[in-house]
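> coords below, sequence missing:
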């Protein structure tokens, strides 16, 4: 670094702020004050879906984004291609038979 | 009605003990009956910052285990009559701090004082959660720095879920105390600004304590900074913060050091 390097140094506070905002958005979703709520929701949603469709544990995502005026709850369930149709068809068949 | 206040942060070294001593002294000076309680078993420091380290005979663990009465463990401050200290144990294992024992002591202190100020240890382990468990009010001490803000966010989450108030479905009152703030570096864009920290943590601001050599001087002397030099910038900030805790409306400013013309001209550091 040159002798007068400190004159051309860029401010770093906004980098700190951006890093914090990204970091905390992730951490609040996993173990913030809503951590327990999310774990419960994930378990119960998984249980409901598993009653009808075989689904991988890791393929159910529950995310809560805290906002100023409102928060959003995002639920994503990934189902293997064609699996749902096949299982539903099988279920209909057993219903018809009975 | 007594108020139990916890001074907490998650991260170590941000100024919890300094702030406990300063706020405790400031409240006591304005006539309130105050006790400052050290929860850092094994690494007690509040007695040192308060200059009472040679007067410790019994500590909180002795009281919990029935070896001493609470009145025997309380140390009356020599400068302010309405200020007392309850020291932590330096030698015992931290598991000696039981939740039933702490609950009993806090309940008893509530009947004796207007303010019970609990100095939390760093971290989120047992000691920290016991320190915050019975609190009505929390002061979250934060430095304008990424790791400190992150840890404060985590602590705020715990205050909202794991305290007695939270478990009863009530909300704990939370305040941000921004310490080691340097207005010059913040203006230059080299330090997180107060607004940045407030926006991220979204809790009300109790005060901004400027970085100052007076804080180390006070610690060297074993005197809370508001007593060692009441006119110093951090002292004025702590005195204002204490008035806000008592419900007064005090305009928010960042007190600057009063500097002589000579230091203004020649005392500026380059970086």
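Sure, I can see it. None of the values given here were measured: they were computed from a predicted structure.

> ramachandran angles for the closest residue to chain A within the stretch 151-271 of chain B?
In the stretch 151-271 of chain B, no residue comes nearer to chain A than residue B:189, which is 2.8 Å away by C-beta to the nearest C-beta. Every C-beta, even on glycine, is put in place using the N, C-alpha and C of the backbone. Dihedral pair for residue B:189: phi 90, psi 20, per degrees, to the nearest 10.

> please list all residues in contact with the closest residue to it other than its chain neighbours.
Distances taken as C-beta to C-beta, 6 or more residues apart in numbering or on different chains put residue A:11 closest to residue B:189, at 2.8 Å, once the chain neighbours are dropped. The contact partners of residue A:11, by C-beta atoms under 8 Å, 6 or more residues apart in numbering or on different chains, come to B:188, B:189, B:190.

> for PyMOL, write the select line for the buried members of these.
Buried residues within these, by 16 or more other C-beta atoms under 10 Å in any protein chain shown, are selected in PyMOL with:
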select buried, chain B and resi 190
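
> so which bits of the helix or strand where residue B:198 lies are buried?
Using DSSP states H and E, residue B:198 falls within helix B:194-201. Neighbour-count burial for helix B:194-201, with 16+ other C-beta under 10 Å as criterion, is recorded at B:194, B:196, B:197, B:200, B:201.

> ok, and what's touching that helix?
So helix B:194-201 is contacted by A:13, A:16-17, A:20-21, A:24, B:140, B:142, B:144, B:149, B:152-153, B:156, B:176, B:178, B:181, B:186, B:205, B:208, B:254 (C-beta under 8 Å, 6+ apart).

> identify those among those residues that sit within strands.
Among the contacts of helix B:194-201, DSSP state E puts B:140, B:142, B:176, B:178, B:181, B:205, B:208 in strands.

> so residue B:113 sits against residue B:84, correct?
Yes: shown here, residue B:113 and residue B:84 form a contact pair, counting by C-beta atoms under 8 Å, at 7.4 Å.

> so how far is residue B:175 from residue B:202?
Using C-beta to C-beta, to the nearest Å, one gets 12 Å for the distance from residue B:202 to residue B:175.

> quick one: residue A:59 and residue A:79 touch, right?
Yes: the criterion here is C-beta under 8 Å, and residue A:59 meets it with residue A:79 at 7.4 Å.

> who in the stretch 101-250 of chain B is up against chain A?
For the stretch 101-250 of chain B, the residues found near chain A under the criterion C-beta under 8 Å from any C-beta of the partner chain are B:145-146, B:149-150, B:153-154, B:156-158, B:160-161, B:186, B:188-193, B:196, B:200, B:202.

> for chain A, which spans come out with low pLDDT?
A:1-7, A:30-39, A:66, A:84, A:98 (pLDDT under 70).

> what segments of it are strands?
A:60-65, A:72-77.

> for the stretch 1-150 of chain B, same thing?
B:3-8, B:34-38, B:75-76, B:83-86, B:115-119, B:137-142 (DSSP state E, counting those that start in this stretch).

> please identify the buried residues of stretch A:59-69?
The neighbour-count check on stretch A:59-69 (16+ other C-beta under 10 Å) flags A:60, A:62, A:64 as buried.

> let me fix that, I meant to ask about stretch B:210-217.
Neighbour counts over stretch B:210-217 (16+ other C-beta under 10 Å) mark B:210, B:211, B:212, B:214, B:215 as buried.

> possible to save those residues as JSON lines with pLDDT and distance to residue B:43?
Listed next are the buried residues of stretch B:210-217 as JSON lines, based on pLDDT from 0 to 100; distance: C-beta to C-beta, whole Å:
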{"residue": "B:210", "pLDDT": "96", "distance to residue B:43": "27"}
{"residue": "B:211", "pLDDT": "95", "distance to residue B:43": "24"}
{"residue": "B:212", "pLDDT": "95", "distance to residue B:43": "25"}
{"residue": "B:214", "pLDDT": "96", "distance to residue B:43": "24"}
{"residue": "B:215", "pLDDT": "96", "distance to residue B:43": "19"}
